[in-house]
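Visitor: next input, structure requested:
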Amino acid sequence: MEGAAVRAVQQIVDGLATGSIYGALALALVLAHRATGVVNFAQGQMAVVSTFVAWSLTRGGLGVIVAVAGAIAFSLVFGAAVERLVMRRFERETPLIAVVATVGLLLLLNGLSSLIWGYDLKAFPPVFSGGTLRAGGAAVSVTALGTFLVLVAVVLVLYVLMMRTRLGLALRAVADNPDSSALSGLPVGNLLMVGWGLAAGLGAIAGCLVAPKLYLDPNMLAGVLVYALAAAVLGGFDSPLGAVVAAWIIGVSENLAATYIDLIGNDLRISVPLLLTVLVLLLRPQGLFGRREVVRV
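Guide: Numbers count the residues shown, from 1 in each chain. This next block holds a predicted model:
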């Protein structure tokens with residue numbers, strides 16, 4: 001391949017790898033929204049806490065895979081407890097109040113994780129070990145490839161869960177209309193608790209995949225959350241596949257823009273997802289893959 005073509009392909013490969021990081025957290029946001037109807041701004045910080053738990057388990061002598069599994073198990077209980085002890089108090093309030101509560105939860109968890117584990121950067125062992133693979137002149141790390149494949153697998157599992165199981169149907173029904181679901185005999189409170197637990201478990205996966213690349217500290221996912229929210233909006237908050245595809249679009253587009261548009265460069269690359277989000281909100285508010293809501297009057 002010619003040098004310019006190799007450079008372009010490398011930027012696309014790197015963008016897909018970066019987009020996979022954004023997509024992992026975007027998936028957790030979409031799952032939380034589909035299962036509970038709430039945009040959880042504390043999702044990233046909950047993932048950070050779960051990642052700290054995994055790091056603590058590795059320091060205790062456990063292998064990284066076992067530690068990640070332990071963190072996922074912890075996060076399932078942690079997410080359910082957050083819904084039962086915190087968010088349930090705002091169940092009958094307007095959605096805006098619930099969103100503000102998640103912002104408060106973000107600040108609380110940030111302070112607690114700083115108090116327990118400190119602000120110093122911690123090296124998190126990679127979940128996927130190996131070097132770099134080369135194809136056609138472009139290079140991709142085994143870690144990036146593993147993250148990409150895990151993300152695809154999670155999307156497939158979520159699709160089956162939400163669209164092909166009774167639990168997924170019940171979760172979507174409760175998120176869309178909790179009052180009607182309660183009248184139909186569904187255990188709304190328990191289903192909301194399950195939804196928060198599942199979203200927290202997915203967030204733990206995202207945090208453990210991201211930590212080896214970013215280093216672990218209480219603010220590790222603060223920047224990633226901006227991109228994840230942009231991906232969720234761009235793809236549609238009711239579409240897990242859309243969030244992941246949008247995250248890949250964001251990763252590739254910001255890489256290409258930073259490389260080939262001198263005005264943007266590396267300093268203004270964050271403007272790319274923000275501009276894409278604004279454009280989509282103007283032209284297609286439900287997102288690229290989202291469903292348009294029809295309201296009968």
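
Visitor: look up how far residue 16 lies from the closest residue to residue 133 other than its chain neighbours.
Guide: Closest residue in space to residue 133, ignoring its immediate chain neighbours: residue 140 at 5.5 Å, by CB to CB, 6 or more residues apart in numbering. The C-beta positions use only the backbone N, C-alpha and C, and glycine is treated the same way. To residue 16, residue 140 is 8 Å away according to CB to CB, to the nearest Å.

Visitor: what of residue 233?
Guide: Separation of residue 233 from residue 16 (CB to CB): 20 Å.

Visitor: now swap in residue 84 and tell me
Guide: As judged by CB to CB, residue 84 and residue 16 stand 38 Å apart.

Visitor: again, but for residue 146
Guide: Distance of residue 146 to residue 16, given as CB to CB: 13 Å.

Visitor: compare those two (neighbour count), which wins?
Guide: residue 16 (21 against 17; other CB atoms under 10 Å).

Visitor: and the strands in this protein?
Guide: Ranges of strands in the chain, per DSSP state E, are 132-135, 138-141.

Visitor: residue ranges for the helices of this protein, please.
Guide: Assigned by DSSP state H, the helices in the chain fall at 3-36, 43-59, 64-85, 95-117, 142-164, 166-176, 178-183, 188-214, 222-235, 240-260, 271-283.

Visitor: between these, which one is closest to residue 290.
Guide: Each of these has some distance to residue 290 by CB to CB; the shortest is helix 240-260, at 6.4 Å.

Visitor: next, the buried residues of that closest one.
Guide: Judged by neighbour count (16 or more other CB atoms under 10 Å), helix 240-260 contains these buried residues: 240-259.

Visitor: and if you look at stretch 157-166?
Guide: Buried, per 16+ other CB under 10 Å, within stretch 157-166: 158, 161-162.

Visitor: what of stretch 169-177?
Guide: The neighbour-count check on stretch 169-177 (16+ other CB under 10 Å) flags 170-175 as buried.

Visitor: contact partners of it?
Guide: The contact list for stretch 169-177 (CB atoms under 8 Å, 6 or more residues apart in numbering) reads 33-37, 162, 180-181, 184, 186, 188, 191-192, 194-195.

Visitor: ok, stretch 266-278 next?
Guide: Residues from elsewhere that reach stretch 266-278 (CB under 8 Å, 6+ apart): 226-227, 230-231, 233-234, 249-250, 253-255, 257-258, 264.

Visitor: next one: that stretch to chain centre, how far?
Guide: 18 Å (CA atoms, centre = their mean, to the nearest Å).

Visitor: with just CA atoms, put that stretch into CSV.
Guide: The C-alpha coordinates for stretch 266-278 follow below in CSV (Å, rounded to 0.1, in the frame of the first residue of the first chain):
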residue,chain,number,x,y,z
ASN,A,266,-5.4,17.3,18.3
ASP,A,267,-6.4,20.3,20.4
LEU,A,268,-10.0,20.7,18.9
ARG,A,269,-10.7,17.1,18.1
ILE,A,270,-13.4,17.0,20.9
SER,A,271,-15.4,19.4,18.8
VAL,A,272,-16.0,16.7,16.2
PRO,A,273,-18.4,14.5,18.3
LEU,A,274,-20.1,17.7,19.6
LEU,A,275,-20.7,19.0,16.1
LEU,A,276,-22.0,15.6,15.0
THR,A,277,-24.4,15.4,17.9
VAL,A,278,-25.8,18.9,17.3
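
Visitor: quick one: the contacts of stretch 266-278 as TSV, columns for pLDDT and distance to residue 199 too.
Guide: Formatted as TSV, the contacts of stretch 266-278 follow (pLDDT from 0 to 100; distance: CB to CB, whole Å):
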residue	pLDDT	distance to residue 199
226	86	18
227	89	18
230	89	18
231	91	15
233	88	17
234	89	19
249	91	23
250	90	21
253	89	27
254	87	26
255	85	28
257	84	31
258	80	31
264	73	33
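
Visitor: list just the nearest of the residues you listed to residue 22.
Guide: residue 227 (4.1 Å).

Visitor: now the closest one. Nearest residue, chain neighbours left out?
Guide: Residue 227's closest residue in space is residue 22 (CB to CB, 6+ apart), at 4.1 Å.

Visitor: now the most centrally placed residue in the chain: how far from residue 64?
Guide: For the chain, the residue nearest the mean C-alpha position is residue 25 (1.2 Å; CA atoms, centre = their mean). According to CB to CB, residue 25 and residue 64 sit 20 Å apart.

Visitor: what do you get for residue 99?
Guide: Taking CB to CB, one finds residue 99 at 34 Å from residue 64.

Visitor: who has more neighbours out of the two?
Guide: Counted by other CB under 10 Å, residue 99 and residue 64 do not tie: residue 64 has more neighbours, with 19 against 14.
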